[in-house]
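Enquirer: please work out how this folds:
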Amino acid sequence: MTDEPSGADDPYRVAEMTWREIETALESTSTLLLPVGTTEQHGHHLPLGVDVYMPEAIGERVAERSSTLLAPPIWYGVSPHHTFKPGTFTLSSETFRRYVTDVCASAGRWGIENVVLLNGHYLAQDPELEIVVRELRTEHGIEAFHAPLVDLFAEVAEEIRTGEVSFHASEFETSIMLELLPKLVDMDAAERVDPPAESLPLTEYDALGDNRVGWSLTAGDMDELTPTGNIGDPTVATAGKGAALVDAAVSELCRLVDALEDD
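Expert: Residues are numbered from 1 along each chain as shown. Next up is the predicted model:
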């Protein structure tokens, strides 16, 4: 019998650690990565959990390389536009903001000083997470950052893309899932779905589009746009592209975490 902590298999996964192990970890880090996603339809070929699987797996790779803790992910987000297909869960904007804020604020009470929100449901719930970051900084004294995955790998995505459009459950997300969790991807069921030839000025149906105004889609809009649930061409996705996208995101996040810990 010993009073020493037993040690988690992954010494950075908060959910697998004891409180004493957390206490010890806080001697060497004050940063927490929080994967934030949602559970929603992703076409015929991808599972509902894509927006959580991506940031959680990327967060794991960051935690393996940099001094940080990895929180259990947020599985439910703001997805009203995907409720036209079964399996989608959604929260109100207010509920989601309060939930994420409370999770982060509670970590601040046991010693976390920096929080990085790894957003796998990028574009759709960016506005909510920007508000969360501001509240954490101004009202809870936490150095908070919002990191949409698409922004982290955007430069590499522009270089390697072969599809003209990748808006939802298409080239980028499918490639990342082929790299991270290929057993959950059914490429035989993947279908190309093109958006309208022309969109409104200042808006594009593309994750890397030149979108200069804020806009959002309703469930009715999505139902009209796509019979399968995806928009774009997932058939051009490859694990090699996914590896490049993941490496870019991990590298950028490690730079941020290392700078926070050196500060």
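Enquirer: now for the helix or strand containing residue 246, which elements pack on it?
Expert: Per DSSP states H and E: residue 246 is located in helix 239-262. Contacts defined by 3 or more C-beta pairs under 8 Å, 6 or more residues apart in numbering; DSSP states H and E place helix 239-262 against strand 31-36, helix 50-65, strand 114-119, strand 143-148, helix 149-160, helix 171-180. Every residue, glycine included, has its C-beta placed from N, CA and C.
Enquirer: chain center to it: distance?
Expert: How far helix 239-262 lies from its chain's middle: 13 Å, per C-alpha atoms, centre = their mean, to the nearest Å.
Enquirer: contact partners of that helix?
Expert: 29-31, 33, 57-59, 61-62, 65-68, 114, 116, 118, 143, 145, 147, 149, 152-153, 155-157, 160-161, 171-172, 174-180, 182 (C-beta atoms under 8 Å, 6 or more residues apart in numbering).
Enquirer: buried subset of those, written for ChimeraX?
Expert: Buried residues within those, by 16 or more other C-beta atoms under 10 Å, are selected in ChimeraX with:
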select :29,30,31,33,57,58,59,61,62,66,67,68,114,116,118,143,145,147,149,152,153,156,157,160,161,171,172,174,175,176,177,178,179,180
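Enquirer: where does the stretch 101-250 of the chain dip in pLDDT?
Expert: Nowhere does the stretch 101-250 of the chain drop to pLDDT under 70.
Enquirer: so is residue 223 in a helix, a strand, or just coil?
Expert: helix (DSSP: H, G, I helix; E, B strand; the rest coil).
Enquirer: please apply the same query to the one 4 residues further on.
Expert: Using three-state DSSP as the criterion, the local structure at residue 227 reads coil.
Enquirer: next up, the contacts around the nearest residue to it once chain neighbours are set aside.
Expert: With sequence-adjacent residues excluded and distances taken as C-beta to C-beta, 6 or more residues apart in numbering, residue 227 is closest to residue 193, at 7.2 Å. The neighbours of residue 193, taking C-beta under 8 Å, 6+ apart as the test, are 225, 226, 227, 228, 230, 231, 232, 233.
Enquirer: state the number of residues packed around the nearest residue to residue 158 once chain neighbours are set aside.
Expert: Distances taken as C-beta to C-beta, 6+ apart place residue 208 nearest to residue 158, at 6.1 Å, with adjacent residues excluded. Neighbourhood size, residue 208 [other C-beta atoms under 10 Å]: 18.
Enquirer: helix, strand, or coil at residue 208?
Expert: Secondary structure assignment for residue 208 (three-state DSSP): coil.
Enquirer: again, but for residue 11
Expert: Three-state call for residue 11 (three-state DSSP): coil.
Enquirer: which residues does it contact?
Expert: The neighbours of residue 11, taking C-beta under 8 Å, 6+ apart as the test, are 17, 21, 25.
Enquirer: separation between the second one and residue 146?
Expert: Okay, so that is residue 21. 28 Å (C-beta to C-beta, to the nearest Å).
Enquirer: okay, those two: which has more neighbours?
Expert: residue 146 (22 against 16).
Enquirer: average pLDDT for stretch 23-33?
Expert: Averaged across stretch 23-33, the pLDDT comes to 97.
Enquirer: what is the neighbour count of the closest residue to residue 47 other than its chain neighbours?
Expert: Nearest residue to residue 47, sequence neighbours excluded (C-beta to C-beta, 6+ apart): residue 184, at 4.9 Å. Using other C-beta under 10 Å, residue 184 has 14 other residues around it.
Enquirer: so residue 184 makes contact with residue 42?
Expert: No. Counting by C-beta atoms under 8 Å, residue 42 is not a contact partner of residue 184; they are 10.0 Å apart.
Enquirer: filter the contacts of residue 193 down to the buried ones.
Expert: Counted by 16+ other C-beta under 10 Å, those give 225, 226, 228, 230, 231, 232, 233 as buried.
Enquirer: how about the residue sitting nearest the centre point of the chain, what does it touch?
Expert: In the chain, the C-alpha nearest the mean C-alpha coordinate belongs to residue 120, at 1.7 Å (C-alpha atoms, centre = their mean). Residue 120 is in contact with 35, 36, 37, 38, 50, 51, 52, 53, 54, 55, 56, 149, counting by C-beta under 8 Å, 6+ apart.
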